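Novice: Sequence and predicted structure are below.
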Amino acid sequence: MKVLFIVRSGNHPATRHRVVQYLDYLKKADINSEVVYFPQTIFGWWRLLNRASNFDVVFFQKKRVHPFWLKRFKARGHKLIYDFDDAVMFNSSRHPTPASPLRMRQFISMVKRCDGIIAGNSYLKSLAEPYNQKIWIIPTTVDTSKYPVKSYSSGAPNIILGWIGTSSSLVFLKSLEGVLGKLSQAYKDIKLKIVCSEFFNNPDIEIIKKQWVEKDEAQDVLSFDIGLAPLPDDPWSQGKCATKLLQYLASSVPSVASAVGIHKEIIRDGVNGFLASNDDDWFNKIALLIEDNALRRNLGLATREIVEKYYSVKANAPKLIGILKRIVCE
């Protein structure tokens, strides 16, 4: 079997966590694969269509494709899979309204025309299920072998509140500026570390600005004492697949996350992390972790096993392999 993965870019989180991590597992299962980027021109699509001639499955990651090209792939005998890990049928949280009739039409068209759908969580599955019954859930995963477990042998002189993510999500961390400022006034030994391509300033708290580099990612997360995963509660955020939260948990970093979407499935409040619904929650729960090293350790060490069992690439690779084989055989 041969699978052609079509993705946005090599550094895109979805590419790394939902495609590239699986390639070695596919190879061991005698599934050959190739990863290419979505074309930017009509000529690029024609070249891609010809390039795909020797592949059994064409796997589209997240982007919606015009029906014209989907029909061309189908006419050549390819099985089509659509994988999505965001609520792509809605506008993002940065827009004044979540509803987007155009995005929804494109999404429905894509789902109807593919031979199989892979959704990142149950919420996303529910949005696709009315239009295609061949749908499976594979959560966004992390390769736990790349994430060392945090050591709690001694207390650090400073408490690092950490956040890692893309520049488009930085606005969600910025929404906590007031809470972070109050925490800094109450606890003089805390700092905020941002791992991103862009940053912001806050005169009320010292900020460590670390440029995101893929090879440093695991060590950057390991440097956090408390991981932060804020999200607004809206239709778009309900579809998020919690990549940063899983990175924290894989490293046994205790975390505070917005009580939104899949966060509520991953975090058992007070058992393996904390959920926050408002500014008071954020302040109080971060404060609890700042004050209590033993609590940070207990919550942190309760997380690794959950990631390995449900959200690791090793645990989910057999699911992807099974889906690919089923789609080809039908």
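Specialist: Looks like it came in fine. Note that the structure is a prediction, hence the values are computed from the model and not measured.
Novice: any idea how far the closest residue to residue 173 other than its chain neighbours lies from residue 67?
Specialist: When the adjacent residues along the chain are set aside, residue 173 lies closest to residue 163, with 4.9 Å between them (C-beta to C-beta, 6 or more residues apart in numbering). (C-beta placed from N, C-alpha, C; glycine too.) Shown here: residue 163 relative to residue 67, a distance of 39 Å by C-beta to C-beta, to the nearest Å.
Novice: Comparing the two, which residue is more hemmed in?
Specialist: residue 163 (22 against 14; other C-beta atoms under 10 Å).
Novice: Could you identify the helix or strand that succeeds whichever strand or helix holds residue 106?
Specialist: Following DSSP states H and E, one finds residue 106 within helix 101-113. As assigned by DSSP H and E, the chain's next helix or strand after helix 101-113 is strand 116-119.
Novice: Next, the buried residues of the helix or strand that comes right after that next one.
Specialist: Moving toward the C-terminus from strand 116-119, the next helix or strand (DSSP H and E) is helix 122-128. By 16 or more other C-beta atoms under 10 Å, the buried positions in helix 122-128 come out as 123-124, 127-128.
Novice: Can you tell me what sits against helix 122-128?
Specialist: Residues outside helix 122-128 that contact it (C-beta atoms under 8 Å, 6 or more residues apart in numbering) are 84-87, 89, 107, 111, 117, 119, 135, 137, 238-239, 261-262, 265.
Novice: Go again with 10 Å.
Specialist: For helix 122-128, contacts defined as C-beta atoms under 10 Å, 6 or more residues apart in numbering pick out 82, 84-90, 104, 107-108, 110-112, 114, 117-119, 129, 134-137, 139, 235, 238-241, 261-262, 265.
Novice: Residue 218 contacts residue 250, doesn't it?
Specialist: Yes: counting by C-beta atoms under 10 Å, residue 218 touches residue 250, with 8.4 Å between them.
Novice: what about those two, which has more around it?
Specialist: residue 250 (27 against 18).
Novice: where do the strands sit along the chain?
Specialist: Secondary structure of the chain by DSSP state E: the strands cover 2-7, 32-37, 57-61, 79-84, 116-119, 135-137, 159-164, 190-196, 207-211, 226-229, 255-258, 274-276.
Novice: Throw the ones you listed into TSV and include mean pLDDT and distance to residue 321, thanks.
Specialist: Putting these into TSV (pLDDT from 0 to 100; distance: least, C-beta to C-beta, whole Å) gives the following:
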stretch	mean pLDDT	distance to residue 321
strand 2-7	98	10
strand 32-37	97	11
strand 57-61	98	12
strand 79-84	98	13
strand 116-119	98	12
strand 135-137	98	12
strand 159-164	97	29
strand 190-196	97	32
strand 207-211	97	36
strand 226-229	98	30
strand 255-258	98	30
strand 274-276	98	34
